[in-house]
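Engineer: My questions concern the predicted model and sequence given below.
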Amino acid sequence: MARGRQGRERGTVGLQTFLARERSRIIDAASPERLEQMHAAERSREVYRAWNAVCGGTREGSHVTGLRYLPESNRLLVYVDEPAWTQELTMLREIIRARMAREGVDLDGFVFRTSKPGYERNAAQHKQRARATMPAKAERPPRQELSCDEVAALDAAVAPVENDRLRDALKSAMRASLEWKKSTDTLKRP
C-alpha cells in the first residue's frame, strides 16, 4: 500500500490488520525486560478474565472488593467485604480453581482476605441488607476427619478423572464437603 507524505497509509485498513501490525511493531521494539512485563500483563488479564467468567455475577462474586494476581506464586489474592464471605470462599476455593482451569487458567491457589472497613462495596447498604437477611450465628461444628473407608471411596470416585491437577482439586473439594457434612451431622445428634 502506498504511503502519503506523513507516513500514513492511503486506503482503508481493517481494525484487525491494524491491531496485528501495531502489536508486532511494539513487540519487535521491546527489550527483553519489557517483553517479560508485557507477557506478565497478558497473564494477569487472563486470570482476571477467568475469575469473571467463573464468579462474575454470582452471589459470592458480589462480595469481592478487589483482586490481585500474584505471578511469583501463581496465586490470586481476593479481597472480600466480610469475614463470613472470606470463610465461604475459602471453602469453595477448590471448586473455583477447577472451574478456572476449565477456562484455561491453572492457578496454584488463592489467598482470601477481608478488606479493611473503608473498602467495602456499598458498605452501608450492603451491611443493612445482610443483617436483615442473615440468620442467627450457629455453633461451628468441630472438624471431623474421614475414615479410611471414606477416603478409599473418595479416591475411587475421582479415579476416572485423567488430569492430575483437576483430579486433586476435585478430591480436595469433595473431601472438604464430606468433612463439613460429617461435622454438621454430629451436631444434629442428641
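Structural biologist: Now that the structure is in, tell me what you want to look at.
Engineer: So which bits of stretch 40-51 are buried?
Structural biologist: For stretch 40-51, burial by neighbour count (16 or more other CB atoms under 10 Å) applies to S44, V47, Y48, A50, W51. Quick note: C-beta positions are derived from backbone N, CA and C, even for glycine.
Engineer: ok, now which ones touch the most centrally placed residue in the chain?
Structural biologist: In the chain, the C-alpha nearest the mean C-alpha coordinate belongs to W51, at 4.4 Å (CA atoms, centre = their mean). For W51, the contacting residues are L67, L76, M100, by CB atoms under 8 Å, 6 or more residues apart in numbering.
Engineer: Which element, helix or strand, includes it?
Structural biologist: Per DSSP states H and E, W51 falls inside helix 32-55.
Engineer: circling back: considering the buried residues of stretch 40-51, which is situated nearest to A29?
Structural biologist: Proximity of the buried residues of stretch 40-51 to A29, judged by CB to CB, is greatest for S44, which lies at 21.9 Å.
Engineer: can I assume the closest one is in contact with Y69?
Structural biologist: Yes - using CB atoms under 8 Å, S44 is in contact with Y69, at 4.4 Å.
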